[in-house]
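Undergrad: Build me a model:
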Amino acid sequence: MSWETVIGLEIHVRLKTEHKLFCSDRAVFGSEPNTSICPVCMGLPGALPVLNPEAVNLALQTALAFGCTIHFESVWARKSYFYPDLPKGYQITQFEHPLATKGTLMFSGSEGDMSVSIRRVHMEEDAGKLLHDRVPRASAIDLNRAGTALVEIVTEPDLRMPADVRLFLGELKQTLEYVGASDCNMEEGDLRVDANISVRRSGSLRLGNKTEIKNVNSFSGVERALSLEISRQIATLDSGDTVGQQTLLWDDHREELREMRLKEESHDYRYFPEPDLSPLKVTEEQVVAAIESLPELPRERCSRFKDIYELKDYDAEVLTQSAASADYFEELVGIEIDPKVAAKWVTGPLQALMNERREDARTVPVRPAKIGALIGLIERGIVSESAAKSVLVILAQEGGNPSDIIEEQGLIQERDIGQLTSWVTEVLAKHSEEVARYRGGESRILGYLVGQVMNDSGGAADPRLARDLLIKQMSNE
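TA: Numbers count the residues shown, from 1 in each chain. So this is what the prediction gives:
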């Protein structure tokens, strides 16, 4: 009999706040171990938490971006469990009364536009971090991360395929980055995914026993781990055995799952209201301000780029992968560059340059005004497109003015008809076989011949004029 997979996600997102959730320690990644700590995040007796309002605002924006219902009063709770990196022996989180519930996120999945329901968005503090490579035959504890502000986004079990999980997470990450809630750098632990998975007979409404996969630090890892666990659960059920409820750890290097512990239920954590914090009360004015501060979200921006700028689906999707790239493109269009030409440069030469330099559209030194000037020189026939790409690299390395670089590097495009005719004549004489094929109807040979002219001229020839002269000479002979 066939099986159906049921997948729900718990996504922990580190909010982009300057300070931790309940103390004034800085929330900075990469500091020396145990240098951003205080009595509050160390859980010392008598140290009382004080809520960071910046975290509340980012959490509100996150929930509103998913269309959640905001609860004007939510309650802090203690989640009690023992682990070496949890200094207090409990985590301050929200349980029965979260900040927000009932949202939705649309994404492009295996069946076109798909949606996943968001059950809840709540705030909580992070734990510290165990370090297994600092002390021989022992584990060390770094509490710098303890107390940093998180939101946990819990989905309904709406996902069915590992590939769709990966696509959904990509859309969620993109949305969080647009909102500015988090940098979502998985290598730094900004976004961590736990996946709950079960299988059931196709057509059944009864959920099977679920397992939870933890310790996944990439979207591709989530997909691989889920695929492996689906196969294991189906094989277990096909053999007549029962799937046990357990928590599994994903080892990305070995690409294997191993048992961590039996799956906990909520009562195992002994939740109770946090006595040191009053309920979180959000005002209507705060919610309105958060709504007004929300940017245009990625799916809406992508749709607008296709409608307003008449871009192809691919170009619009690439340009809106990040708010920074989309902003860069629109700034370029704003200086009267044709949208299709602007898209071609941002998704092509500029993206290649950013990849090489490991930068993004916010940090790349060549700003839209410089690329706009370079495109203008191409359109005026001053420089060829291929030479302009070299100019782009120089602009990134040394700065300067595009027209000055073109002159200094001897890249001014040759448009003198006499000189161009000389190069074209020489190419036709050397490539009589290709000329015959062109005259025989192989029009694609023309591109090859233009390339030969460009090669003989050292890239100086105007390719459009060279093309016209080639056609003219081959038609007259």
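Undergrad: residues near Asp183, how many?
TA: 16 (other Cβ atoms under 10 Å). Every C-beta, even on glycine, is put in place using the N, C-alpha and C of the backbone.
Undergrad: Can you pull the phi/psi pair for it?
TA: phi -80, psi -20 (degrees, to the nearest 10).
Undergrad: That one: what's it in contact with?
TA: Residues counted as contacts of Asp183 (Cβ atoms under 8 Å, 6 or more residues apart in numbering) are Lys16, Glu177, Asp190.
Undergrad: Swap in 10 Å and give it another go.
TA: By Cβ atoms under 10 Å, 6 or more residues apart in numbering, the contact set of Asp183 is Val13, Arg14, Leu15, Lys16, Phe29, Leu176, Glu177, Asp190, Leu191.
Undergrad: Which ones among these map onto helices?
TA: Leu176, Glu177 (DSSP state H).
Undergrad: nearest to Gln351, of the contacts of Asp183?
TA: Gln351 has its nearest neighbour among the contacts of Asp183 in Glu177, at 16.9 Å by Cβ to Cβ.
Undergrad: Return the distance of stretch 204-220 from the chain's centre.
TA: Distance, stretch centre to chain centre, for stretch 204-220: 22 Å (Cα atoms, centre = their mean, to the nearest Å).
Undergrad: ignore the last one, stretch 158-172
TA: Distance of stretch 158-172 from the chain centroid (Cα atoms, centre = their mean) equals 14 Å.
Undergrad: likewise stretch 366-374?
TA: Chain-centre distance of stretch 366-374: 25 Å, with Cα atoms, centre = their mean.
Undergrad: show me where the stretch 101-250 of the chain has helices.
TA: Applying DSSP state H, counting those that start in this stretch to the stretch 101-250 of the chain gives helices spanning 162-179, 219-238.
Undergrad: most packed of these?
TA: Mean neighbour count (mean count of other Cβ atoms under 10 Å) peaks for helix 162-179 among the helices of the stretch 101-250 of the chain, with a mean of 21.
Undergrad: what stretches of this structure score poorly on pLDDT?
TA: 1, 262-267, 477 (pLDDT under 70).
Undergrad: Tell me which other helices or strands the longest strand along it touches.
TA: Assignment by DSSP state E gives strand 112-125 as the longest strand of the chain. Packing partners of strand 112-125 (3 or more Cβ pairs under 10 Å, 6 or more residues apart in numbering; DSSP states H and E): strand 3-14, helix 53-65, strand 76-80, strand 90-94, strand 100-109, strand 149-155, helix 162-179.
Undergrad: Go through the ones you listed and name the closest to Asp133.
TA: Closest approach to Asp133 among those is made by strand 3-14 (22.0 Å; Cβ to Cβ).
Undergrad: can I see the domain layout of this protein?
TA: The chain breaks down into these domains under automatic domain parsing: 3-290, 296-408, 417-476.
Undergrad: For the nearest residue to Arg26 once chain neighbours are set aside, which residues are in contact?
TA: Counting by Cβ to Cβ, 6 or more residues apart in numbering, Arg26 lies nearest to Ser36, which is 5.4 Å off, once chain neighbours are set aside. By Cβ under 10 Å, 6+ apart, the contact set of Ser36 is 19-20, 23, 25-29, 142-148.
Undergrad: SS state for Ser36?
TA: For Ser36, the assignment made with DSSP: H, G, I helix; E, B strand; the rest coil gives coil.
Undergrad: Now do it against Val28, distance only.
TA: The gap separating Ser36 from Val28 is 6 Å, by Cβ to Cβ, to the nearest Å.
Undergrad: Likewise for Ala138?
TA: Distance, Ala138 to Val28, using Cβ to Cβ: 26 Å.
Undergrad: The two: which has the busier surroundings?
TA: More neighbours surround Val28 than the other of Ala138 and Val28, with 12 against 8 (other Cβ under 10 Å).
Undergrad: mind listing what the more buried one touches?
TA: Under the criterion of Cβ under 10 Å, 6+ apart, the contact list for Val28 reads Glu18, His19, Thr35, Ser36, Asn144, Thr148.
Undergrad: Next: Phe29.
TA: Contacts for Phe29 (Cβ under 10 Å, 6+ apart) come out as Arg14, Ser36, Asn144, Arg145, Thr148, Asp183, Asn185, Glu187, Glu188, Gly189, Asp190.
Undergrad: Write the PyMOL selection for whichever of those are buried.
TA: In PyMOL syntax, the buried subset of the contacts of Phe29 is picked out as below (16 or more other Cβ atoms under 10 Å):
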select buried, resi 14+36+144+145+148+183+190
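Undergrad: Can you redo the contacts of Phe29 as a markdown table, where the extra columns are distance to Val366?
TA: Shown next, in a markdown table, are the contacts of Phe29 (distance: Cβ to Cβ, whole Å):
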| residue | distance to Val366 |
| --- | --- |
| Arg14 | 31 |
| Ser36 | 35 |
| Asn144 | 36 |
| Arg145 | 36 |
| Thr148 | 35 |
| Asp183 | 23 |
| Asn185 | 24 |
| Glu187 | 26 |
| Glu188 | 27 |
| Gly189 | 32 |
| Asp190 | 27 |
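Undergrad: just to revisit the earlier point, nearest to Glu4 among the contacts of Val28?
TA: Among the contacts of Val28, Thr148 lies closest to Glu4 (Cβ to Cβ), at 37.8 Å.
Undergrad: Please tell me how far that closest one sits from Ile471.
TA: Distance from Thr148 to Ile471, by Cβ to Cβ: 65 Å.
Undergrad: With Thr247 instead?
TA: 70 Å.
Undergrad: now swap in Ser218 and tell me
TA: 52 Å.
Undergrad: again with Glu18
TA: Glu18 sits at a distance of 63 Å from Ile471 (criterion: Cβ to Cβ).
Undergrad: coming back round to it: which one of the helices of the stretch 101-250 of the chain lies nearest to Ile213?
TA: With Cβ to Cβ as the measure, helix 219-238 is the member of the helices of the stretch 101-250 of the chain nearest Ile213 (5.1 Å).
Undergrad: Tell me the helices and strands packed up against the closest one.
TA: If you count contacts as 3+ Cβ pairs under 10 Å, 6+ apart, helix 219-238 packs onto strand 3-14, helix 162-179, strand 191-201, strand 211-216, strand 246-251, strand 256-262.
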